[in-house]
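Visitor: Coordinates only, no sequence provided:
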């Protein structure tokens, strides 16, 4: 990759990985994380991929944060999947987060990265061979449309969504894509009781419930991150997801029955 010498090394942080997420990357995964970092730095020179570019910030806010959501699948019994080979979808992936780190950390999972911006999906497509990943698929699509396609509707074991919109909007984007019995994970920063009440009302209309809200401090900046786990119990009514733009304009609430 060009200008490799100008790009710093990511910190290994093996002890922090272990103490915070009960996991450590292998040497191969450390190399893949470094190559992903290099690709992001180089890609940023052509398009605005991320403002998080220092090695420590990238490690915490892109790598560690991406894997926080799936770490509990190994340590929390009620979140565990019986099958170790899962189909995952990451909606609104942007430059590939959380999906790319999740695919690196879990090579036996099939991970589909979705974004509505062609340039970002093109960047990811160009980056995948550099990372030597065989378990990644990419799609240019809007979540509202994808959730209505028979091939993708209620197909995935696990859906991830980070920093895309209001919680109720995120739920409507991703729960139609999750199979009955599967999970959706919302990555959030600030979270209050009123957020729980509003989200609970929305997900109940989507055949699901809030199974767990996990709060954890980030290991370097010590800010609070929340991961909200939604369990899907029933098929979703055909009217969901609503047409493009509608979920954002009119998020599900108690009056939407």
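Guide: Perfect, I can see it now. Because the structure is a prediction, the values reported are computed rather than measured.

Visitor: all helices for the stretch 151-257 of the chain, in order.
Guide: Here the stretch 151-257 of the chain has its helices, by DSSP state H, counting those that start in this stretch, at 167-174, 193-204, 246-249.

Visitor: what helices or strands is the shortest one leaning on?
Guide: If I follow you right, that is helix 246-249. Packing contacts for helix 246-249, counted by 3 or more CB pairs under 8 Å, 6 or more residues apart in numbering; DSSP states H and E, involve helix 167-174. To be clear about C-beta, it is placed using only N, CA and C from the backbone, and glycine gets the same treatment.

Visitor: and the angle from the helix it packs on to helix 193-204?
Guide: 30 degrees (axes from the mean of the first three to the mean of the last three CA atoms, to 10 degrees).

Visitor: re earlier: please identify the deepest-packed of the helices of the stretch 151-257 of the chain.
Guide: Neighbour counts (mean count of other CB atoms under 10 Å) averaged over each of the helices of the stretch 151-257 of the chain peak at helix 167-174, with a mean of 26.

Visitor: That helix packs against which elements?
Guide: For helix 167-174, the elements it packs on are strand 87-91, helix 143-146, strand 156-162, strand 178-188, helix 193-204, helix 246-249, judged by 3+ CB pairs under 8 Å, 6+ apart.

Visitor: what do you get if the cut-off is 7 Å, keeping everything else the same?
Guide: strand 156-162, strand 178-188, helix 193-204, helix 246-249 (3 or more CB pairs under 7 Å, 6 or more residues apart in numbering; DSSP states H and E).

Visitor: out of those, nearest to residue 227?
Guide: Set against residue 227 and scored by CB to CB, those come closest in strand 178-188, at 5.7 Å.

Visitor: Quick check: neighbours of the closest one in the sheet, parallel or antiparallel?
Guide: Strand 178-188 has the following strand partners under DSSP bridges: strand 156-162 (parallel), strand 224-232 (antiparallel).

Visitor: Mind checking the ones you listed for the one nearest to residue 13?
Guide: strand 224-232 (16.2 Å).

Visitor: Just the buried residues of the closest one, please?
Guide: 225, 226, 227, 228, 229, 230, 231, 232 (16 or more other CB atoms under 10 Å).

Visitor: That one - what's its average pLDDT?
Guide: Averaged over strand 224-232, pLDDT sits at 97.

Visitor: Centre of the chain to it, how far?
Guide: 11 Å (CA atoms, centre = their mean, to the nearest Å).

Visitor: next one: stretch 128-138
Guide: Distance, stretch centre to chain centre, for stretch 128-138: 16 Å (CA atoms, centre = their mean).

Visitor: going forward can the numbers begin at 370, since that is how I track them
Guide: Will do, 370 is the new start, and the previous item becomes stretch 497-507.

Visitor: For it, measure first residue to last.
Guide: 10 Å (CA to CA, to the nearest Å).

Visitor: Return the set of buried residues in that stretch.
Guide: Buried, per 16+ other CB under 10 Å, within stretch 497-507: 497, 500, 502, 504, 505, 507.

Visitor: Save those residues as a markdown table, and put in secondary structure, distance to residue 475 and pLDDT too.
Guide: Formatted as a markdown table, the buried residues of stretch 497-507 follow (DSSP: H, G, I helix; E, B strand; the rest coil; distance: CB to CB, whole Å; pLDDT from 0 to 100):
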| residue | secondary structure | distance to residue 475 | pLDDT |
| --- | --- | --- | --- |
| 497 | helix | 15 | 97 |
| 500 | helix | 13 | 97 |
| 502 | coil | 11 | 96 |
| 504 | coil | 8 | 98 |
| 505 | strand | 11 | 97 |
| 507 | strand | 17 | 98 |
